[in-house]
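S.K.: Here is a sequence with its predicted model. Questions after.
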Amino acid sequence: MASKRDLKKDINYVLGDIIEAVYVWEYSNPEKDTKKSEAIIDEAIETFDSLMAKVSDRSVEDKKAHFKSINQELESKGKELIEKVNKLS
């Protein structure tokens, strides 16, 4: 089982990299409208807050299953956000 600290680092790194990718896109495309890219950043921040709250929840019975579900949610939301970044034009 991954530790709580490692899971928090994974969440931070994955969502931080996605936000960084959006900023790189915005910097590379200064003439483009940034409404969609800002929405992606906002969604990544909301996902970060939500997942961190779930990790910090102490009222969980089966921690292993709980952390595994958080990890799966991070993976699915990460892929979804990456697809949105890739569709920016």
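M.R.: Right, received. Where do you want to start? Numbers count the residues shown, from 1 in each chain.
S.K.: ok, now which ones touch the residue positioned nearest the centre of the chain?
M.R.: What sits nearest the mean C-alpha location of the chain, by Cα atoms, centre = their mean, is Leu15, with 3.4 Å. Neighbour list for Leu15: 44-45, 47-48, 78, 81 [criterion: Cβ atoms under 8 Å, 6 or more residues apart in numbering]. Yep, even glycine has a C-beta here, placed from its N, CA and C like the rest.
S.K.: What helix or strand is it located in?
M.R.: Per DSSP states H and E: Leu15 is located in helix 4-28.
S.K.: Show me which residues of that helix are buried.
M.R.: Buried residues in helix 4-28, counting neighbours by 16 or more other Cβ atoms under 10 Å, are found at 7-8, 10-11, 14-15, 18-19, 21-22, 25.
S.K.: And stretch 55-71, by the same measure?
M.R.: Those would be 55, 67, 70-71, for stretch 55-71 by 16+ other Cβ under 10 Å.
S.K.: circling back: in TSV, list the contacts of Leu15 along with neighbour count and distance to Lys35.
M.R.: Compiled in TSV, the contacts of Leu15 are given as follows (neighbours: other Cβ atoms under 10 Å; distance: Cβ to Cβ, whole Å):
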residue	neighbour count	distance to Lys35
Ala44	23	15
Ile45	12	16
Thr47	20	19
Phe48	19	21
Gly78	18	22
Leu81	22	16
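S.K.: Same list, those residues, but as JSON lines with distance to Ser59 and secondary structure please.
M.R.: Converted to JSON lines, the contacts of Leu15 look like this (distance: Cβ to Cβ, whole Å; DSSP: H, G, I helix; E, B strand; the rest coil):
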{"residue": "Ala44", "distance to Ser59": "26", "secondary structure": "helix"}
{"residue": "Ile45", "distance to Ser59": "25", "secondary structure": "helix"}
{"residue": "Thr47", "distance to Ser59": "21", "secondary structure": "helix"}
{"residue": "Phe48", "distance to Ser59": "21", "secondary structure": "helix"}
{"residue": "Gly78", "distance to Ser59": "26", "secondary structure": "helix"}
{"residue": "Leu81", "distance to Ser59": "28", "secondary structure": "helix"}
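S.K.: Thanks again, I'm all set now.
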